Structures are given as C-alpha cells and as structure tokens.
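# Just to be clear, the model below is a prediction. Sequence and coordinates:
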Amino acid sequence: MSASSSTRIARVIRFLDKKYGKINWWHGTPDEVMIGAILTQQTRWENANKALMILKQRSLCSAHAIGEADSMTIESAIRCTGFYRIKAQRLKSLALHVKSVYGDTRIMAERPTHQLRESLLEVHGIGAETADSILCYGFHRQCFVIDAYTERICGCIGIKEKRQALKTLFEKVLPGDAAVYQDVHAHIVEYAKEFCAKKRCDECTLANLNG
DNA sequence: GACCAGGTCCTTG
DNA sequence: CAAGGACATGGT
C-alpha cells in the first residue's frame, strides 16, 4: 500500500530539508535573475554564472543595457554558456519586452504573479521553467519551479506526470512562503546532482522514505 | 571521442 | 499530442 503522491512529496521535502537545511541558493536582482535564467537553459550553472560575471564587468547585466547593446557584444560575453547566438536573441527579446510592456523592470514587481507569468511567457525563448525561475527567485513569488531534476526525482518516487501537473502538486503541498519554494527547489536540484546525475538515479534512496 | 548539462522552439507523423 | 532535431560551449 503506497502513500498518496502528496504524502510522498511531503516526505521528500522533509527529508531534504533535514539534509540540507536553509541554503542561499540563487539570489540577485530581478534583472540578474531574468538574465541568469536564460543563460542557464540546458547549461551548467557554473558556466551561466561565469557569463553573468562578464556581463557585470562590462556593465551589460541589466535589461536596459542588453536593450542598448548590439548582439555581437552580447554574444561574445555569454559564449561560455553555449547556444550563445540564440541566447543573445532571447536576452534581446526579454529586454524589448520589459521596455515596451513595463518601461522599467521595477514596474514588473507591482504586477500580480499570474499576470507577470503570462507576460513572461510571451517572450520568445522564455518557457514555463524559465518564467517560474524568474518569478520564484527574482520576484520572490510562490511559484514552484519544475526542471529536469525535479522531474527525475519525482520519477524516483513513482510520480510520472507532466510538468504542469507536478507544479500543481508541489504548490498544493507547500506552505504560502516564497522562501520555502526557493529552498525546496534548490534542495531537489542539489540532491539530484549528487545522486541522480547523468540521467541515472542509482544511488537515489528517496523511494524508500517512510513517514 | 562520447556523453551530458537547472530548455525552448519548430517540424513531423 | 509525442517524438526528434537544432542550438554550441565546457567539463568528465
């Protein structure tokens, strides 16, 4: 007799919280998080972060600066993240969107979560995961991020649903606190990188968690 | 050299 | 709707 999906997820969350505790995983201004979220698509965070540093050094780490810079300049700064041409375009699209819809990034913070999410999804190159990362880590909203690792971890405990369904499940289980959303997702990624790397979960023991 | 990395978009069947 | 390919550098 196995427990419900919600119960199993709650157990994993508690287990990981005990294991890792509170961690300061991804912080930054909304501009930095938006840019970083695009740079880290299908890319290790270390490389995305390296590009983020270069952008900062060159005063290009803001939606406004990206909007002003030419594409070649952006491409050369973010080359180490891979997919640099398409990512430069995505950053440009984001900058244009911020400018034309909001005028300034600060105005975005005044919008309700759902509206902001729909708006971000209009940007060519921002999909569900990138939008949710921006909302969760950049704007501190109660918006849970489902990425490849989360999907993998859920598979380990026998929950094989689509990403939207997983997101709904987690948001039902989690309390109303954005900081908790951030920590839980961070815990999952850290655990998965350690025990479910290379698309394998050989050392993952999450399936055996009991009450 | 092979394989993978905190996705997204486009095209096919 | 599912599956496959493109995008590209860097680490193991």
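Noted; the coordinates are in hand. Numbering: from 1, shown residues only, chains lettered A, B, ... in the order given.
# Show me which residues of chain A are close to DNA strand C?
By Cβ under 7 Å from any atom of the strand, the residues of chain A that approach DNA strand C are A:42-44, A:46-47, A:79-87, A:162. Quick note: C-beta positions are derived from backbone N, CA and C, even for glycine.
# so which of those are also by DNA strand B?
The subset of the residues of chain A next to DNA strand C within reach of DNA strand B, by Cβ under 7 Å from any atom of the strand, is A:Gln42, A:Thr43, A:Arg44, A:Gly82, A:Phe83, A:Ile86.
# any idea which of the residues of chain A next to DNA strand C is closest to A:His27?
Nearest to A:His27 out of these is A:Glu46 (Cβ to Cβ; 16.3 Å).
# The closest one: neighbouring residues, count only.
By other Cβ atoms under 10 Å, 9 other residues sit near A:Glu46.
# That one is in what secondary structure piece?
Applying DSSP states H and E as the criterion places A:Glu46 in helix A:45-57.
# can you list contacts of that helix?
Contacts to helix A:45-57, defined as Cβ atoms under 8 Å, 6 or more residues apart in numbering, come from residues A:Glu32, A:Ile35, A:Gly36, A:Leu39, A:Thr40, A:Cys61, A:Ala77, A:Ile78, A:Arg79, A:Cys80, A:Thr81, A:Gly82.
# excluding its backbone neighbours, what's nearest the residue in chain A positioned nearest to DNA strand C?
Nearest residue of chain A to DNA strand C (Cβ to the nearest atom of the strand) works out as A:Gly82 at 2.4 Å. Counting by Cβ to Cβ, 6 or more residues apart in numbering, A:Thr43 is the residue found nearest to A:Gly82 once chain neighbours are left out, at 5.5 Å.
# Kind regards, and thank you for your time.
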